[in-house]
Structure formats: C-alpha cells, structure tokens
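1. got a sequence here, can you build the structure:
(one chain, ligands or ions: 1)
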Amino acid sequence: MRSKLLNDFRELLFPRICPVCEGRLLPDEQFICTECLVEFPLLKFEKTEDNKMIRTLWGNIPVAHAVSIFAYRHHSIYHNLILQIKYRGNARLARQLGTWAAMQIQDHKLEEKVDVIVPVPLSRRKQWERGYNQAYHLALGLGKVYHLPTRKWLKRSVDRQTQTHMDAKQRMENARGSYTARIPMSERGKRILLVDDVMTTGATIIACAEAILKVDKTAEISVFTLALSK
Ligand SMILES: [Zn+2]
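-> The predicted structure is shown next:
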C-alpha cells in the first residue's frame with residue numbers, strides 16, 4: 001500500500017510519457033501506451049531465411065538471418081521512437097526497446113543462431129556529441145533476453161557526411177570503407193548479430209559486415225534492426 005502511494009505520488013510529480021504519441025502513460029502501462037501498442041506497425045517475418053530485409057542484403061553480403069521489428073515512414077508517429085533513441089539521448093528507451101523487440105521475435109530463436117551481439121558504431125565525434133550510441137543500448141536490451149554478450153568490435157573510422165538525404169548508391173559509397181573491425185583471435189569464427197536502429201538501404205549494415213568479414217572470413221553474419229524505414 002505504501003509503495004503504491006509512493007508510486008502515485010511519483011506519477012504526479014514526474015508523469016511518464018508514451019514515446020510514440022507523447023500522451024501520459026497510465027500506471028499499469030509499461031513504456032508505450034496500450035493504444036500505440038495495439039496499432040504498432042509490427043512486421044511479420046514468416047521465416048528468417050527469406051524476407052524483404054535479407055533480400056536487400058543478399059547479393060552484397062552473405063547473411064544467415066535478418067529480422068526487423070517494425071516499418072515506418074517519416075511522417076508516422078512511430079518514427080518518434082527512432083528520434084527519441086537517436087537524437088534525444090533516451091538510452092533507457094533504447095534498452096527497453098531492445099528487450100521488448102527480443103520478446104516480439106521469440107519464435108525466431110535468435111539466441112540459438114548467434115553467439116555474440118555487435119552494435120553498429122557511431123563515429124567518435126558523433127558519440128561525443130550525443131553522449132551514447134543507441135545501437136549499443138539496443139544491443140544491451142537484446143542481450144539481456146538472449147543472455148548473449150555485446151562486443152564493440154566495430155569502429156567507425158571515417159566520419160563522412162550524414163546519409164539522410166542521399167540515394168541508395170550515394171549511401172553505399174559513403175558507408176563503404178568507413179568501418180573497421182577488430183576481433184580477438186580467440187573470438188574468430190563466431191556467429192555475429194549486427195545490431196542497428198534502422199535499416200534504410202542497407203548500406204551501413206553492408207559496410208559493417210564487409211569490415212567484419214575482412215578480418216574474419218569465418219564469421220557468420222546475422223542482422224537485427226529495430227525498424228525498416230521506407
Ligand atoms: Zn502512445
């Protein structure tokens with residue numbers, strides 16, 4: 001009773017906000033309001049071996065499994081989730097989304113298909129500006145459910161222009177060669193789950209996978225992104 005009172009009081013002082021619609025969360029709502037959860041544009045990947053995401057990546061890199069949780073367009077309110085974790089420093093939300101996402105795709109049994117989680121890195125400058133890397137926190141959230149380690153094996157070595165306004169070909173040229181991987185000898189040949197917040201053309205994922213395979217040809221790459229952007 002006492003803790004409920006305390007919680008009610010805390011709610012009053014610091015109302016929790018749904019990161020999608022920015023409405024106030026009810027006490028029994030976890031971190032996204034019920035309405036936004038019901039309407040969530042969840043992707044249904046029937047099987048991981050053949051889906052839209054993996055088809056985008058094949059032809060460029062060998063990918064064992066690829067999965068994404070939802071799809072959005074830029075005007076969608078669900079884009080708010082990406083803005084929150086990318087630009088508004090909401091590291092906690094990134095971890096919550098990672099954990100929640102892992103629960104959504106339990107039937108994919110990713111934990112049996114990968115050994116280690118590797119987040120897509122930011123450049124040192126961006127990491128310094130933003131204070132944290134959203135992909136790393138997503139990876140931690142996933143790792144918590146899968147009981148898998150998260151390793152910072154990738155570095156963004158070149159800080160090129162932001163990719164937002166580039167077409168697919170420009171993005172690929174921009175991303176290629178921007179990443180380097182350092183993997184300890186004892187960790188070679190692992191099944192790696194590359195993690196990022198959004199996949200648009202796949203250029204970043206492809207560049208990261210290329211960097212990994214350059215130092216470890218025996219690594220197997222799978223991909224998880226929170227969202228696919230259209
Ligand atoms: Zn909401």
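
2. neighbours around Tyr78, how many?
-> 19 (other Cβ atoms under 10 Å). For glycine as for every other residue, the C-beta is placed from the backbone atoms N, C-alpha and C.

3. which residues sit in contact with it?
-> 20, 36, 40-41, 70, 72, 227 (Cβ atoms under 8 Å, 6 or more residues apart in numbering).

4. how about these, which pair is most distant?
-> Cys36 and Ala227 (14.3 Å; Cβ to Cβ).

5. the two: who's more crowded?
-> Ala227 (24 against 20).

6. with adjacent residues omitted, what lies nearest to the more buried one?
-> Val198 (4.8 Å; Cβ to Cβ, 6 or more residues apart in numbering).

7. just checking, that neighbour touches Leu83?
-> No. Contact criterion Cβ atoms under 8 Å: Val198 and Leu83 do not qualify, at 10.7 Å.

8. mind listing the strands for the protein?
-> Listed in chain order, the strands of the chain (DSSP state E) span 66-72, 116-119, 154-156, 179-181, 191-199, 220-229.

9. from the contact counts, what lies against the longest one?
-> Secondary structure elements in contact with strand 220-229, counted by 3 or more Cβ pairs under 8 Å, 6 or more residues apart in numbering; DSSP states H and E, are helix 52-57, strand 66-72, helix 79-86, helix 91-104, strand 191-199, helix 203-215.

10. so which of the ones you listed gets nearest the ion?
-> Closest of the helices and strands packed on strand 220-229 to the ion is helix 79-86, at 9.1 Å (criterion: Cβ to the ion).

11. tell me who's in contact with Ile77.
-> 20-21, 36.

12. repeat for Tyr132
-> Neighbours of Tyr132 in contact, by Cβ under 8 Å, 6+ apart: 89, 91.

13. ditto for His165
-> Contacts of His165 (Cβ under 8 Å, 6+ apart): none.

14. mind checking pLDDT for it?
-> Reported pLDDT at His165 in the predicted model: 75.

15. and for Arg55?
-> So Arg55 comes in at 83 (pLDDT).

16. domain assignment for this structure?
-> 1-39, 41-229 (automatic domain parsing).

17. for those domains, which one ends up most surrounded?
-> domain 41-229 (a mean of 18; mean count of other Cβ atoms under 10 Å).

18. ok, that domain near the ion or not?
-> No. Domain 41-229 does not reach the ion (Cβ under 5 Å from the ion); its nearest approach is 7.9 Å.

19. from one end of that domain to the other, what's the distance?
-> Domain 41-229 has its terminal residues 12 Å apart, counting by Cα to Cα, to the nearest Å.

20. thanks a lot, see you next time.
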